[in-house]
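Undergrad: This is a predicted model, with the sequence first.
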Amino acid sequence: MNYKHLYYFWHVAESGHLTQTAQKLHVSQSALSAQIKQLEEWLGTPLFERQGRQLVLTQAGYIARQYADRIFQEGNNLIKQLKQGMDGSDLVIRIGHASTMSRNFVEAFIHDLVHQQDVQYRLHSMTPDQLFNELANHQIDIALANTNVRGSDKQLWQSRLLARQPVSIIGPPDSAIENLTDATLRNKNWVLPPENMPLRSAFDMLSAEYNWQPRVLAEADDMAMLRLLARDTGALVVIPDVVVRDELNNGQLKRYLTLPNVFEHFYGITLKRPFEHPMVARLLKRFV
């Protein structure tokens, strides 16, 4: 693709007029029209249709403009970063996080950004597969996940353990549970992570060891959903304390037991690059 053609298209799409755009870019109207025509021929589809004196985007043109907006905005960001220094001012940091993660942890991670007026940040929630695809394709600057990932010769991941949170048995405040062998844990209603998650494996081992015989009301792989179910069903739940921090503080839920040697891990994952995004480096320093 000739990006000069795309650049001309981008300006015409903004104004809707060839004459005005040609004057702004200091080129002839015929030359500008020819460049747009070449781009349309290369893409194999018209990008504009004429309505009176104005050029209106076709569906393909609308899609092309969305991409052009991002391409040239990133170009402007590149110029700012390299010319104004690597201090992170006026930069956008794109943070992806697994949809299964605790929103409270994500909020704690971006705490410093919330109070900085000169830094823009974008949060994207997605599945783990989407998360790593977006990171590999440079669509996000850092991925937050609760599962680790290993790099390879083809994909140079850099994974940092940011935090390790204890996991507890949590439920409504009217139960009387004192230890793992407590008979009151038997035949209780539970809300649990699905069987493919490490937390569930740890729970199943303890349940078998202490003969809890749980009645599983619901399963959810999303920490936000586990939080809602813990709050609204009256069942016991196995969950990191940080997920239900507010409910524990206001007495809506109660922590009964912390599971021995069971933790939820939170990782910050980046790609190995010659220049790390300056704000990513600052955020990660808080967890060293």
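TA: Ah, there it is. This one's a predicted model, so the numbers in the text were calculated from it and none came from an experiment.
Undergrad: give me the number of residues near residue 7?
TA: Residue 7 has 17 neighbours, counted by other C-beta atoms under 10 Å. From N, CA and C alone the C-beta is placed, and that goes for glycine too.
Undergrad: what about it, which SS state?
TA: helix (DSSP: H, G, I helix; E, B strand; the rest coil).
Undergrad: got it, and residue 256?
TA: On the basis of three-state DSSP, residue 256 is classed as strand.
Undergrad: next one: the one 4 residues further on
TA: Following three-state DSSP, the label given to residue 260 is strand.
Undergrad: check contacts around it.
TA: Residue 260 makes contact with residue 180, according to C-beta atoms under 8 Å, 6 or more residues apart in numbering.
Undergrad: tell me the mean pLDDT for the helix or strand encompassing residue 239?
TA: Residue 239 is part of strand 236-240 when elements are defined by DSSP states H and E. For strand 236-240, the mean per-residue pLDDT is 92.
Undergrad: now stretch 211-223
TA: Mean predicted lDDT for stretch 211-223 stands at 92.
Undergrad: now stretch 277-285
TA: Stretch 277-285 comes out at a mean pLDDT of 84.
Undergrad: Which elements pack onto the helix or strand that the strand holding residue 239 is followed by?
TA: Per DSSP H and E, the first helix or strand lying C-terminal to strand 236-240 is helix 245-249. With contacts taken as 3 or more C-beta pairs under 8 Å, 6 or more residues apart in numbering; DSSP states H and E, helix 245-249 sits against helix 223-232.
Undergrad: Pull the CA coordinates from the helix it packs on and hand them back as PDB.
TA: The C-alpha coordinates for helix 223-232 follow below in PDB (Å, rounded to 0.1, in the frame of the first residue of the first chain):
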ATOM      1  CA  MET A 223     -14.200 -13.000  39.000                       C
ATOM      2  CA  ALA A 224     -16.700 -10.200  38.700                       C
ATOM      3  CA  MET A 225     -19.500 -12.800  38.300                       C
ATOM      4  CA  LEU A 226     -18.200 -14.800  41.300                       C
ATOM      5  CA  ARG A 227     -18.300 -11.700  43.300                       C
ATOM      6  CA  LEU A 228     -22.000 -11.000  42.400                       C
ATOM      7  CA  LEU A 229     -23.000 -14.600  43.000                       C
ATOM      8  CA  ALA A 230     -21.200 -14.700  46.400                       C
ATOM      9  CA  ARG A 231     -23.100 -11.500  47.300                       C
ATOM     10  CA  ASP A 232     -26.600 -12.600  46.100                       C
END
